[in-house]
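Engineer: Got a sequence here, can you model it:
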Amino acid sequence: MTLIDKVLGREDTRSLTMNDAHPHSWLDAGAQGVIGKPIDRIEGPLKVSGLATYAAEYPVDGLAYGVLVRAPFGSGTIREVVADQARALPGVIDVVTDYPSFIRNPQQGGEKKAPTQGVEKVDYHGEIVAIVVAETFETARDAAARVRVDYEPAKGAYVFAAHRDQATRPPPDQIPPHMAKGDVDQAMADAVFAIDATYTTPSQNSAAMEPHASTAEWRDGTLILHGSYQMVASDQMQLAAALGVAKDKVRIISRYVGGGFGSKLGIAPESVAAAIAARQLGRPVKVAMSRQQVFDATVRRSNTEQRIRLAADAQGKLTGLAHETLASNLPGEDFFEPAGIGTQFAYAAPNRLIDHKLVRMNWLLAGSMRAPGEAVGMLALEAAMDELSYRIGIDPIELRRRNEPAMDPQNDLPFSTRQLIPCLDKGAEMFGWDERGPAPATDRRGEWWHGVGVAAAVRSNMLQKSSASVELTTDGRAIVSTDMTDIGTGTYTILAQIAAETLGLPIDRVTVHLGDGAAPPAAGSGGSWGAGSSGSSVYVACEGLREKLATAMGVDAASMTLKDGRAIADNRAVEITELVGDGMTVIGSIAPGKQEKLHRQASYGAHFAEVKVNATTGEVRVERMLGVFAAGRILNAKTARSQCLGGMTFGIGAALTEELVHDPRNGKVVNRDLAEYHVPVNADIPQIEVAFIDERDIHANPIHAKGIGELGISGAGAAIANAIYHATGVRVRDYPITCDKLLMELPAI
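Structural biologist: Numbers count the residues shown, from 1 in each chain. Next comes the predicted model:
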């Protein structure tokens with residue numbers, strides 16, 4: 001491994017660029033024995049006791065309350081925001097109408113320039129146009145309802161099917177929208193077995209438990225914003241641009257986030273509104289979005305229409321594979337749902353086509369939602385693979401085995417690791433797959449048809465630039481500081497475990513400070529890169545501290561063992577408190593390098609599901625699920641399992657219940673709360689079992705871990721869809737699979 005020590009005027013700065021494989025890790029050689037253990041979340045007691053302070057809970061003197069005002073139309077130009085009645089209410093401080101136009105999230109593909117102040121053109125129903133500020137929340141809410149928006153309507157695009165023929169390919173960015181090899185059309189013409197099917201998925205909402213909220217206060221020209229955000233460093237830059245101030249004049253604090261799933265990757269309307277109102281009024285302002293406003297004006301997962309073509313020879317080996325996707329977004333937005341991103345490397349096929357096009361709609365901004373691309377793309381790909389297995393007459397697992405690639409079929413790169421088949425094999429054994437009857441609609445028990453299904457899971461692994469400070473104090477404690485966030489994933493705990501293992505400290509002697517923009521900038525929580533990136537920066541800092549301790553002890557760092565707060569080497573054991581002097585601090589940084597270009601890095605898994613379908617009503621109940629995953633080193637068995645459980649629950653929702661409905665007259669989201677947007681509840685979730693394949697990926701990062709937060713959703717819904725087909729013989733290609741889509745096709749009683 002090439003380790004680059006950059007002095008930059010400070011002895012305590014170390015950086016590591018992943019140009020070469022990193023076979024040695026102190027997490028393997030450490031003696032503390034905490035890494036990988038199912039340690040409880042260290043911030044858990046604060047959360048369950050109500051002492052963890054979220055964005056809307058910070059006590060600030062002189063606080064005013066803001067409520068957002070939305071555009072009541074889908075497309076047009078505002079003539080005037082009429083607020084006389086609102087301003088006349090006792091307790092109303094002001095109605096701020098010079099809110100920036102077209103606030104969008106650059107992480108989601110939004111504009112990156114400072115927007116014009118004052119909304120004029122409206123592109124979707126519910127777009128934020130003003131904020132009412134009052135002495136109490138109730139007064140602000142009442143006044144906001146009295147604000148009237150006078151506008152000139154314009155023709156909008158509100159029905160996807162009516163505009164699908166106008167789709168255009170977005171410009172290439174980090175994810176190429178188009179890739180082709182060979183001739184898929186010819187492969188389909190020559191195929192012994194072929195599938196050509198179209199699958200559709202609806203718009204979806206992240207539906208995080210905590211709504212978006214911000215508390216803004218200006219101190220000596222600097223904005224201090226307590227917000228619910230996933231990526232503090234980049235969010236500070238976005239907010240500074242929106243406000244027209246220098247980036248060092250914005251500090252976001254996001255210590256606890258009640259879920260994000262992508263909807264809090266970038267700034268949302270409430271942060272900008274709170275900041276502008278606070279600056280104009282000269283007092284702190286808090287804005288907490290209502291659940292309906294979250295649905296109206298943050299971000300959605302795009303709906304998709306996906307055409308999958310599979311061509312196979314007589315032995316079931318794929319000769320052609322095409323995945324063509326139509327998605328939607330606002331005019332001028334380049335972000336697209338990359339549904340084919342997992343298809344790039346999932347299966348071998350010499351002739352390949354992956355394509356994405358955008359349909360411009362006057363619907364809410366589309367952006368990243370948990371596992372953007374794979375979450376919906378594998379609903380189509382894995383259902384199509386299941387269809388092909390029945391067409392050929394071979395076991396679905398055997399079909400995948402026959403199409404296992406030796407190299408990345410898209411880019412001809414070696415895999416850093418690839419454990420898809422071991423996951424399938426282990427899952428089949430645990431689930432009892434061999435007991436399954438091969439023919440669909442053959443297992444009727446009373447009122448219910450029973451069936452089982454399987455699907456693969458793939459999710460690309462990414463490393464992002466990230467930094468962290470680790471201090472060893474005079475009393476032998478470690479303090480980790482980084483602006484990395486914990487959105488419920490367990491970041492506080494795994495960073496403490498990495499520091500404890502590397503420095504040989506009991507975990508209760510490690511303190512972790514997260515989510516403060518004044519700390520070293522981290523990658524943030526998103527893309528399943530958080531643990532690998534921020535964890536590696538902590539590791540690099542701790543590695544630097546090990547060398548400092550070894551120097552202070554006069555020994556070679558490689559021969560020194562750290563355990564229980566002592567350094568052991570050369571037949572001596574010394575308390576680290578005797579070595580740290582006035583304290584030691586190292587800032588560690590990690591950055592991607594050649595390794596991400598030399599190897600295809602990904603996590604893998606296999607989903608198994610058993611369902612029963614009511615023969616009379618078409619009701620679907622998931623009886624049990626199993627997920628088997630390989631994601632490099634598992635840093636904490638409990639938090640990793642929790643992430644997989646959450647992802648699989650997402651998969652149940654995508655398969656059976658979740659659908660944002662847009663009004664065809666104006667694009668408005670009509671089911672904009674958790675009563676009408678149906679996420680799975682406790683009664684919908686069966687006993688879910690999770691297992692891991694032991695793995696280390698030396699090409700990914702120095703801690704050998706890979707992303708797991710989004711792996712659990714990838715393919716989960718397809719396993720349920722395939723189980724429904726096995727139970728009933730009915731193939732539904734339009735998600736979610738609701739009773740009405742099954743009812744008329746069920747086998748006769």
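Engineer: right, and residue 369 touches residue 265 too?
Structural biologist: No. Between residue 369 and residue 265 there is no contact under C-beta atoms under 8 Å: 9.6 Å. C-beta coordinates here come from the backbone N, C-alpha and C atoms, glycine included.
Engineer: Excluding chain neighbours, what is closest to the residue positioned nearest the centre of the chain?
Structural biologist: Nearest to the mean C-alpha position of the chain, counting by C-alpha atoms, centre = their mean, stands residue 370 at 3.5 Å. Excluding the flanking residues, the one nearest residue 370 by C-beta to C-beta, 6 or more residues apart in numbering is residue 261, at 4.4 Å.
Engineer: tell me the contacts of the residue nearest to the centre of the chain?
Structural biologist: 206, 261-262, 647, 650, 709-710, 713 (C-beta atoms under 8 Å, 6 or more residues apart in numbering).
Engineer: Of those residues, which count as buried by neighbour count?
Structural biologist: For these, a burial check counting by 16 or more other C-beta atoms under 10 Å picks out 206, 261-262, 647, 650, 709-710, 713.
Engineer: Tell me which helix or strand residue 295 sits in.
Structural biologist: Using DSSP states H and E, residue 295 sits within helix 291-297.
Engineer: Could you dump the buried ones among the contacts of residue 370 into TSV with distance to residue 532, pLDDT and secondary structure added?
Structural biologist: As requested, those are arranged in TSV below (distance: C-beta to C-beta, whole Å; pLDDT from 0 to 100; DSSP: H, G, I helix; E, B strand; the rest coil):
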residue	distance to residue 532	pLDDT	secondary structure
206	22	97	coil
261	19	97	coil
262	18	96	coil
647	17	98	helix
650	21	98	helix
709	11	93	coil
710	13	97	coil
713	18	98	coil
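Engineer: re the thing from before, any idea how far residue 203 is from the residue nearest to residue 370?
Structural biologist: In this view, residue 261 and residue 203 are 14 Å apart by C-beta to C-beta, to the nearest Å.
Engineer: Next: residue 533.
Structural biologist: Separation of residue 533 from residue 203 (C-beta to C-beta): 30 Å.
Engineer: ok, those two, which is more surrounded?
Structural biologist: residue 533 (29 against 22; other C-beta atoms under 10 Å).
Engineer: And the helix or strand hosting the more buried one, what's buried?
Structural biologist: Element membership of residue 533 [criterion: DSSP H and E] is helix 530-553. By neighbour count on 16+ other C-beta under 10 Å, the buried set for helix 530-553 is 530-550, 552-553.
Engineer: Output it as CSV, restricted to C-alpha atoms.
Structural biologist: Once non-C-alpha atoms are left out, helix 530-553 reads as follows in CSV (Å, rounded to 0.1, in the frame of the first residue of the first chain):
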residue,chain,number,x,y,z
GLY,A,530,-20.2,6.1,5.0
ALA,A,531,-18.7,3.3,7.0
GLY,A,532,-15.9,2.5,4.6
SER,A,533,-14.9,6.2,4.0
SER,A,534,-15.3,7.8,7.4
GLY,A,535,-14.2,4.6,9.1
SER,A,536,-11.0,4.6,7.0
SER,A,537,-10.2,8.2,7.9
VAL,A,538,-10.5,7.3,11.6
TYR,A,539,-8.3,4.2,11.0
VAL,A,540,-5.6,6.3,9.2
ALA,A,541,-5.6,8.8,12.1
CYS,A,542,-5.3,6.0,14.7
GLU,A,543,-2.5,4.4,12.7
GLY,A,544,-0.7,7.7,13.0
LEU,A,545,-1.3,7.7,16.7
ARG,A,546,0.2,4.2,17.0
GLU,A,547,3.4,5.4,15.4
LYS,A,548,3.5,8.4,17.8
LEU,A,549,3.1,6.0,20.7
ALA,A,550,5.8,3.7,19.4
THR,A,551,8.2,6.6,19.0
ALA,A,552,7.5,7.8,22.5
MET,A,553,8.1,4.3,23.8
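Engineer: which secondary structure elements does it contact?
Structural biologist: Secondary-structure packing of helix 530-553 (3 or more C-beta pairs under 8 Å, 6 or more residues apart in numbering; DSSP states H and E): strand 13-18, helix 26-29, strand 466-472, helix 491-503, strand 566-569, strand 584-592.
Engineer: now with 6 Å?
Structural biologist: Applying 3 or more C-beta pairs under 6 Å, 6 or more residues apart in numbering; DSSP states H and E, we find helix 530-553 packed against strand 13-18, strand 466-472, helix 491-503, strand 584-592.
Engineer: And stretch 371-385, how far out from the chain middle?
Structural biologist: 15 Å (C-alpha atoms, centre = their mean, to the nearest Å).
Engineer: sorry, that was for stretch 518-536
Structural biologist: From the chain centre to the centre of stretch 518-536 is a distance of 13 Å (C-alpha atoms, centre = their mean).
Engineer: ditto for stretch 475-489
Structural biologist: From the chain centre to the centre of stretch 475-489 is a distance of 21 Å (C-alpha atoms, centre = their mean).
Engineer: Look at residue 195 and give its secondary structure.
Structural biologist: With DSSP: H, G, I helix; E, B strand; the rest coil as the basis, residue 195 sits in strand.
Engineer: Can you tell me how far the nearest residue to it once chain neighbours are set aside is from residue 651?
Structural biologist: Using C-beta to C-beta, 6+ apart and skipping residues adjacent in sequence, the residue nearest residue 195 is residue 310, 4.3 Å away. Using C-beta to C-beta, residue 310 is found at 22 Å from residue 651.
Engineer: Also residue 689?
Structural biologist: 14 Å.
Engineer: Looking at those two now, which is surrounded by more residues?
Structural biologist: Higher neighbour count among residue 689 and residue 651: residue 651, with 32 against 18, using other C-beta under 10 Å.
Engineer: Not counting sequence-adjacent ones, nearest residue to residue 474?
Structural biologist: By the measure of C-beta to C-beta, 6+ apart, the closest residue to residue 474 outside its immediate chain neighbours is residue 583, 5.6 Å from it.
Engineer: now do residue 663
Structural biologist: Nearest residue to residue 663, sequence neighbours excluded (C-beta to C-beta, 6+ apart): residue 670, at 5.3 Å.
Engineer: you'd agree the one you found is up against residue 662?
Structural biologist: No. With contact defined as C-beta atoms under 6 Å, residue 670 and residue 662 do not form a contacting pair (7.3 Å).
Engineer: okay, those two: which has more neighbours?
Structural biologist: Higher neighbour count among residue 670 and residue 662: residue 662, with 26 against 15, using other C-beta under 10 Å.
Engineer: Now do the same contact list for that one.
Structural biologist: Applying C-beta atoms under 6 Å, 6 or more residues apart in numbering, we find residue 662 in contact with residue 363.
Engineer: rewinding a little: quick check, nearest of the contacts of residue 370 to residue 448?
Structural biologist: Checking those against residue 448 by C-beta to C-beta gives residue 650 as the nearest, at 25.0 Å.
Engineer: How about that closest one, nearest residue that isn't a chain neighbour?
Structural biologist: Per C-beta to C-beta, 6+ apart, closest to residue 650 is residue 713, 4.2 Å.
Engineer: still on that earlier bit, include distance to residue 91 when you put the contacts of residue 370 into CSV, please.
Structural biologist: Formatted as CSV, those follow (distance: C-beta to C-beta, whole Å):
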residue, distance to residue 91
206, 33
261, 36
262, 37
647, 45
650, 42
709, 43
710, 45
713, 45
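Engineer: now, among the residues you listed, which is nearest to residue 411?
Structural biologist: When the contacts of residue 370 are compared for distance to residue 411 (C-beta to C-beta), residue 710 wins out at 21.3 Å.
Engineer: looking at it, the closest one is touching residue 527, isn't it?
Structural biologist: No. Taking contacts as C-beta under 6 Å, residue 710 lies outside contact range of residue 527: 7.5 Å.
Engineer: Secondary structure element holding residue 130?
Structural biologist: strand 128-134.
Engineer: where are the low-confidence patches of the stretch 151-300 of the chain?
Structural biologist: Across the stretch 151-300 of the chain, nothing is flagged by pLDDT under 70.
Engineer: need the strands for the stretch 201-350 of the chain, in chain order.
Structural biologist: 213-219, 222-227, 250-253, 285-288, 304-312, 318-329 (DSSP state E, counting those that start in this stretch).
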